[in-house]
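Colleague: My questions concern the predicted model and sequence given below.
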Amino acid sequence: MSIKTTLAICLNWICFLVLLSHAFILSAEEPLKQESYSCSVQQLFICQEETGEVALVFIHGWGGRALFWASQLDYFSSEYAVYAMDLPGHGDSQMVKAEPSISSMAVGLQAFVKQIEADHIVVIGHDIGGYIALSLAVSEVGKQKIKAIYAVESMVDTKVSMPKKQYRRVLKSLRNNFKGTARQMTRDLFSAGSEAEMINWVADSVAETDAELSLGLLNDFMNMDMSAALSVFQGDLFILNTEYNPPRVDLLKRLNSNVRAESVGWSEHFIFLEDSMLFNKVMERLIKTHLKSSRDNRKHERL
């Protein structure tokens with residue numbers, strides 16, 4: 001592997017890891033809010049439209065919140081029941097009481113998933129949201145309802161492979177100047193041609209994170225290994241990554257033969273924000289493929 005390639009990989013990991021830190025307060029003029037669904041605060045801040053027999057649940061990464069999925073909620077709400085939430089301790093949702101971890105985030109969503117009337121749930125998770133989706137899917141509640149996971153810019157490997165020396169530098173920078181480091185690194189995750197309003201919205205949001213919560217989640221992510229959860233998940237698992245961040249499909253398939261991967265071009269980390277039309281079309285096709293396969297399997301079982 002060339003020095004240039006190695007440096008590029010390290011830079012991607014640095015940017016990616018910063019997104020493990022967040023929870024933020026947005027103004028009433030959030031640029032992506034749509035009209036085809038409603039949002040309300042219970043224990044979790046949830047945006048939803050309960051149409052259709054199949055439910056799509058969108059889980060943001062540690063740089064996002066429910067309304068980052070506004071274009072997807074708007075696009076899919078005519079055909080499916082759609083849900084997106086601010087994770088526990090993020091945005092307008094209540095602060096998590098347990099130690100910050102991927103599993104505690106998943107536990108915090110179990111009651112919400114249990115209340116969804118649809119028995120066929122597809123979960124779409126962005127960056128660490130993909131790992132939370134997997135943890136949720138192998139829980140007792142998730143096993144009954146979650147039939148597929150779409151991991152967006154996520155699940156490159158079974159564990160984080162960022163060099164420890166590089167991780168210590170990132171951690172030191174975040175501890176010394178969390179807001180400044182988080183804001184700049186988040187801005188670096190967008191393509192040069194992205195709308196300034198959107199970039200500022202995301203970057204400013206990340207910078208308002210509770211640092212203690214975020215760094216705790218970052219540490220848990222750096223030490224996690226999803227091999228066990230991946231090997232027992234029985235649904236379909238699609239990995240949608242950009243071409244600069246390809247997953248190790250061969251390794252993942254050894255643990256779960258249902259793993260499939262698809263590239264969505266050369267967009268940056270927030271592919272569902274930068275090119276929502278392309279992302280929605282790809283997702284629509286893959287979801288329909290999954291549902292057709294699921295229906296065919298049920299027919300085969302009845303024969």
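Modeller: That came through fine.
Colleague: And the helices in the chain, which stretches?
Modeller: 3-18, 70-76, 102-115, 128-137, 140-145, 164-176, 178-187, 196-207, 211-222, 227-232, 249-255, 271-274, 276-302 (DSSP state H).
Colleague: lowest-confidence stretch among those?
Modeller: Among the helices of the chain, helix 3-18 carries the lowest mean pLDDT, at a mean of 44.
Colleague: Count the residues that sit near the closest residue to Asp220 other than its chain neighbours.
Modeller: Of all residues not flanking Asp220 in the chain, Ser101 sits nearest, at 4.2 Å (Cβ to Cβ, 6 or more residues apart in numbering). (Glycine included, C-beta is placed from N, CA and C.) Using other Cβ atoms under 10 Å, Ser101 has 19 other residues around it.
Colleague: Kindly state the pLDDT recorded for Ser101?
Modeller: So, for Ser101, pLDDT stands at 90.
Colleague: Do I have it right that it meets Leu218?
Modeller: No - when contacts are counted by Cβ atoms under 8 Å, Ser101 is not listed as touching Leu218 (10.7 Å).
Colleague: thinking again about what came up before, quick check on the residue nearest to Asp220: phi, psi?
Modeller: phi -160, psi 160 (degrees, to the nearest 10).
Colleague: any idea how far Leu237 is from it?
Modeller: 21 Å (Cβ to Cβ, to the nearest Å).
Colleague: which parts of stretch 80-97 are buried?
Modeller: 80-93, 96 (16 or more other Cβ atoms under 10 Å).
Colleague: Just name the closest of the residues you listed to Arg285, please.
Modeller: Arg285 has its nearest neighbour among the buried residues of stretch 80-97 in Tyr80, at 14.1 Å by Cβ to Cβ.
Colleague: list the contacts for Gln94?
Modeller: 43-44, 88 (Cβ atoms under 8 Å, 6 or more residues apart in numbering).
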